[in-house]
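Peer 1: Return atomic coordinates for the entry below.
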Amino acid sequence: MRDLILFGLLIILLLTAQFASAKTIDEVIEKYIRARGGKNKLASVKSIYMEGIKVMMGKEVTVKIIKEQDKLSRTEIDNGVANGLVLVTDKEAWTFFPLRSPVADRIPESESAGLQTELDIAGPLVDYVAKGHKAELLGKETVEGNTCYKIKLTTKEGRELMFWLDASSYLVIQSSATRISAGRGNAGETYTLYKDYKEVDGIQFAHTCETKTTETNATEIGGEIFFHKILINPVIDPQLFLPQ
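Peer 2: Numbering: from 1, shown residues only. The predicted structure follows:
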């Protein structure tokens, strides 16, 4: 009888330890927000400018990302000969790659709706409930040798995004999403690895981003970008809202 009682107590202790160590989705996301710099700090960012270098087909190109909260996301790729861009606004979205077409291509509204999370500078995990998204903690996985919390986020438009948060630092190590390509709808899964985090104005930013895609012939997507300039709250030129 004594052995049975001790065994029962052991089982209770094991269960208690499991529940005590388990994290809820909101606890994990709250730690992520704190690791980035805090909710107030993230909310203070109304615009951002990021500039880096990427190697494409053996040649260095300049990548510029300009965002204005809830209004604009513009990614420019300058290879020294022609500038390509992906433009998303709160009203429409465009792509322009001169080597493919001499004019900008408007992304159909049915597809551009899924790109609206690009307008969210803080990212969809922050205040996800208020934004109409749903988040689910799927457990733990190992990414690049690091134990991570895996989060599935479904945006209010129905797009599914995955995030892997380092279980120690709570920063995002990897994300994935179904890539949307103009006129072709879903065009393969894109994975992004985030490395070399550094603080900029009190906020942690990954200064190296490595992207891989399952889509063939997507050379403008894959590879690493090394960011050497990040500016917080710059003035945004209204001309940047035009697909040119």
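
Peer 1: Going by C-alpha atoms from here, please, whenever you check contacts or count neighbours.
Peer 2: OK.

Peer 1: pLDDT score assigned to Gly114?
Peer 2: We have a pLDDT of 81 for Gly114.

Peer 1: Surely it touches Lys156?
Peer 2: No - using CA atoms under 8 Å, Gly114 and Lys156 do not qualify as a contacting pair, with a distance of 9.1 Å.

Peer 1: Pull up the overlap in contacts between the two.
Peer 2: Counting by CA atoms under 8 Å, 6 or more residues apart in numbering, no residue touches both Gly114 and Lys156.

Peer 1: For the lengthiest strand in the chain, which outside residues touch it?
Peer 2: If you go by DSSP state E, the chain has its longest strand at strand 185-200. Identification of contacts with strand 185-200 by CA under 8 Å, 6+ apart yields 111, 172-181, 204-215, 230.

Peer 1: Can I get the buried part of these as one ChimeraX selection?
Peer 2: Remark: buried members of the contacts of strand 185-200, expressed as a ChimeraX selection using 16 or more other CA atoms under 10 Å:
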select :111,172,173,174,175,176,177,178,179,180,181,204,205,206,207,208,209,210,211,212,213,215,230
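
Peer 1: Among the contacts of strand 185-200, name the ones in strands.
Peer 2: 172-181, 204-213, 230.

Peer 1: Report the central residue of the chain.
Peer 2: Per CA atoms, centre = their mean, the C-alpha nearest to the average position across the chain is that of Ser175, at 6.1 Å.

Peer 1: Identify all contacting residues around the strand or helix carrying Phe163.
Peer 2: Here Phe163, judged by DSSP states H and E, is contained in strand 160-166. Among residues not part of strand 160-166, those counted as contacts by CA under 8 Å, 6+ apart are 32, 141, 143, 146-155, 171-178.

Peer 1: Need the pLDDT of Gln244.
Peer 2: Predicted confidence (pLDDT) for Gln244: 83.

Peer 1: Looks like it contacts Asp105 (just checking).
Peer 2: No - the criterion here is CA under 8 Å, and Gln244 misses it with Asp105 at 10.8 Å.

Peer 1: got any residues that touch both of these two?
Peer 2: Both Gln244 and Asp105 are contacted by Phe96, under the criterion CA under 8 Å, 6+ apart.

Peer 1: Next, Arg34: phi, psi?
Peer 2: Dihedral angles phi and psi of Arg34 (degrees, to the nearest 10) take the values phi -60, psi -40.

Peer 1: Count the residues that sit near it.
Peer 2: Using other CA atoms under 10 Å, the number of residues around Arg34 comes to 18.

Peer 1: Now do the contacts for Leu138.
Peer 2: By CA under 8 Å, 6+ apart, the neighbours of Leu138 are Tyr149, Lys150, Ile151, Lys152.

Peer 1: Which of the residues you listed fall in helices?
Peer 2: Using DSSP state H, no member of those falls within helices.

Peer 1: wait, which of the residues you listed is closest to Gly132?
Peer 2: Ranked by distance to Gly132 (CA to CA), those are led by Lys152 at 14.2 Å.

Peer 1: partners of the longest strand of the chain, with directions?
Peer 2: strand 172-181 (antiparallel), strand 203-213 (antiparallel) (DSSP bridges).

Peer 1: With distance to Asn83 as new columns, can these be given to me in CSV?
Peer 2: Converted to CSV, these look like this (distance: least, CA to CA, whole Å):
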stretch, distance to Asn83
strand 172-181, 18
strand 203-213, 20
